[in-house]
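> pasting a predicted model and its sequence here:
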Amino acid sequence: MMSQKILIPYSRTHLEIEIPKKNLIAVMESKVNEFLPELSQGEIVCKALDNPIGSQGLEELVTGKKDMVIITSDHTRPVPSKITLPILLRRIRQSNPDIDITILIATGFHRATTREEMIDKFGIEIVENEKIVVHDSKDNDSLVKLGILPSGGELWLNKLAVETELLIAEGFIEPHFFAGFSGGRKSVLPGVAGTETVLANHCSEFIASDKARTGIIENNPIHIDMLYAAQKANLSFILNVVINAEKDIISAFAGDSSKAHEAGCEFILELSKVENVNADIVITSNGGYPLDQNIYQSVKGMTAAEATCKEGGVIIIASACNDGHGGEDFYSNMANASCPNEVIKKVLKIPRNETLPDQWEFQILARILSKHTVILVTDMCDSEMIKAMHMEHASTLKEALDTALEMQGKDAKIAVIPDGVSVIVK
């Protein structure tokens, strides 16, 4: 039988699957890794800063300022700060040698970034010589209230970001499974927002919206709240990069926090969009390490498959999940429910200002499971844990595909999305 071999990212390596050609209807891949820039990474960043979108240049903005804050991403985001931050700092100080600079690490709802993680991300020179503050969303004394979000939730932001003379941010843009895209306004919300604000923004009503999906920002209620927060914080300038699978910079966008971000989103959309094919079986991954270390993160890869899998179809996701479920609240809310629909009914009754930790993640997983069978392929995670969360387990891709074909029939249409976090299904 004629078949096609396809490599699927898994942990720090790949798994191989053979798909019969009579069944295979699409291999859906982003073109990001095919994009070959003509400039070096540093040159790409400098070119973006030399040509700001909808804004004065960085050098003009810092002139005459006594202090400023640079928001940067935490250890969970692959922003190449070893390249971007030194360039930003050099250009700022060339124009204003005496300006007082604080680097504020946007942890959002994550744990604090450790010194070792800072050194790995920024380099020892920046860690030892710059003023760095790690945002803590639960430290009420470090927050200030700036009114009410369009959604009705209270807007609490880090005082340092609000009270500085000039606020800028660096980050990266990629498809995001409910904010549409990462980058831009996300540096502020959830980046340097209070817990109450993050939870309100991630409420069940918004997560349930058909506009809160990968690649959509227009009329996306989560994006609207984030934009408002960035405006209230006076986020004056951003530097956002686009990276490939090797985490190398292939493009950069600088300038107005909204206009530059929109330009970057358009660039990503053009490279990442793939056509919806309505498959019976979709095989995907969470892009391998570091994003496939737990089930929590792996929900992201499932959403790409969800977007192109027929209702009642099977989603197969290869994800190591060597660290287990990734969140006790995430696990318990799934495992303690009799079925995914019970989770959905419970979540939709929770008021915006009473949103639970990790609620958005188990809400999205339950949504997927209410319409699809999910087979999680791993040889590094407890199969009973996976089954308790209403998914099937397989140790190999072949085992999973054999099971899926038994369920969908030998003539089932199969689509493959090798990296589920890199595509936007249209």
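That came in fine, so what should we check first?

> all contacts plus neighbour counts: C-alpha atoms, from now on.
OK.

> which residue is the nearest non-sequential neighbour of the spatially most central residue of the chain?
Central residue of the chain (C-alpha atoms, centre = their mean): His176, 4.6 Å from the mean position. Once flanking residues are discounted, His176 sits nearest to Thr214: 5.2 Å by C-alpha to C-alpha, 6 or more residues apart in numbering.

> sorry, back to before: and the residue nearest to the centre of the chain, how far is that from Asn33?
18 Å (C-alpha to C-alpha, to the nearest Å).

> same deal with Pro418?
In terms of C-alpha to C-alpha, Pro418 sits 13 Å off from Asn33.

> more neighbours, the two?
More crowded of Pro418 and Asn33, by other C-alpha atoms under 10 Å: Pro418, with 28 against 15.

> contacting residues for the more buried one?
By C-alpha atoms under 8 Å, 6 or more residues apart in numbering, the residues touching Pro418 are Ile6, Leu7, Ile8, Pro9, Val27, Met28, Glu29, Ile283, Thr284, Ser285, Gly287.

> of these - the most surrounded one?
Highest neighbour count within these, by other C-alpha under 10 Å: Ser285, with 31 neighbours.

> how about that one, phi and psi?
Backbone torsions of Ser285, given as degrees, to the nearest 10, read phi -150, psi 180.

> that one against Ile8, yeah?
Yes: look at Ser285 against Ile8 with C-alpha atoms under 8 Å: they come within range, at 6.6 Å.

> any common contacting residues for the two?
Common neighbours of Ser285 and Ile8 (criterion: C-alpha under 8 Å, 6+ apart): Ala318, Pro418, Asp419.

> nearest to Thr63 among those residues?
Checking the shared contacts of Ser285 and Ile8 against Thr63 with C-alpha to C-alpha, the nearest one is Asp419 at 43.6 Å.

> and for the closest one, nearest residue in space, chain neighbours not counted?
Gly287 (4.7 Å).

> ok, the one you found - contacts?
Contacts of Gly287 by C-alpha under 8 Å, 6+ apart are Pro9, Tyr10, Gly301, Pro418, Asp419, Gly420, Val421, Ser422.

> residues contacting the third one?
Which is Gly301. Thr284, Ser285, Asn286, Gly287, Ile317, Asp419, Gly420, Val421.

> the closest residue to the third one other than its chain neighbours in helix, strand or coil?
Taking C-alpha to C-alpha, 6+ apart, and ignoring the residues beside it in sequence, Asn286 has Gly301 as its nearest neighbour in space, at 4.6 Å. Per DSSP: H, G, I helix; E, B strand; the rest coil, the local secondary structure of Gly301 is helix.

> ok, Val188 touching Ala230?
Yes: if you go by C-alpha under 8 Å, Val188 and Ala230 touch, sitting 5.7 Å apart.

> between the two, which is the more surrounded one?
Neighbours were counted for Val188 and for Ala230 using other C-alpha under 10 Å; Val188 has more, 29 against 21.

> the residue nearest to Asp419 and Gly215: what is the separation?
For Gly287, the distance to Gly215 - C-alpha to C-alpha - is 17 Å.

> got it, and Ile350?
For Ile350, the distance to Gly215 - C-alpha to C-alpha - is 26 Å.

> comparing these two, which residue is more hemmed in?
Here Ile350 and Gly215 are compared on neighbour count by other C-alpha under 10 Å; more neighbours surround Gly215, at 26 against 15.

> list the contacts for that one?
Gly215 neighbours (C-alpha under 8 Å, 6+ apart): Pro175, His176, Phe177, Gly180, Phe181, Leu269, Ile424.

> with Val198 as the reference, measure out to it.
21 Å.

> one step back: list just the nearest of the shared contacts of Ser285 and Ile8 to Ser383.
For these, the nearest to Ser383 is Ala318 (13.4 Å; C-alpha to C-alpha).

> identify the bridge partners of that closest one.
On the basis of DSSP bridges, Ala318 is bridged to Ser285, Val377.

> surely it meets Asn286?
Yes: applying C-alpha under 8 Å, one finds Ala318 in contact with Asn286, separated by 7.2 Å.

> joint contacts of those two?
Common contacts of Ala318 and Asn286 (C-alpha under 8 Å, 6+ apart): Pro9, Tyr10.

> low pLDDT regions in the protein?
1 (pLDDT under 70).

> tell me the domain ranges of it?
By the record's domain assignment, the chain is partitioned as 3-28+275-425, 34-271 (automatic domain parsing).

> let's have the contacts of Gly301 in JSON lines, adding distance to Ile243.
Converted to JSON lines, those look like this (distance: C-alpha to C-alpha, whole Å):
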{"residue": "Thr284", "distance to Ile243": "21"}
{"residue": "Ser285", "distance to Ile243": "19"}
{"residue": "Asn286", "distance to Ile243": "16"}
{"residue": "Gly287", "distance to Ile243": "14"}
{"residue": "Ile317", "distance to Ile243": "23"}
{"residue": "Asp419", "distance to Ile243": "14"}
{"residue": "Gly420", "distance to Ile243": "16"}
{"residue": "Val421", "distance to Ile243": "13"}
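
> ok, so of those residues, who is nearest Val377?
Taking C-alpha to C-alpha as the measure, Ile317 is the one of those closest to Val377, at 6.0 Å.

> neighbours around the closest one, how many?
31.

> ok, Met334 next?
21.

> that one and Leu7, how far apart?
Distance, Met334 to Leu7, using C-alpha to C-alpha: 31 Å.

> contacting residues for the closest residue in space to Ser137 that isn't next to it in sequence?
Spatially, and ignoring its direct neighbours in sequence, Ser137 is nearest to Gly194 (4.2 Å; C-alpha to C-alpha, 6+ apart). Gly194 sits next to Gly108, Asp136, Ser137, Lys138, Asp139, Asn140, Leu143, Leu155, Trp156, Leu157, Asn158 when contact means C-alpha under 8 Å, 6+ apart.

> strands - which of these land there?
Leu143, Leu155, Trp156, Leu157, Asn158 (DSSP state E).

> please name the residues that touch the third one.
Going back to what we said before, that points to Trp156. Trp156 sits next to Leu143, Val144, Lys145, Leu146, Gly147, Ala193, Gly194, Glu196, Thr197 when contact means C-alpha under 8 Å, 6+ apart.
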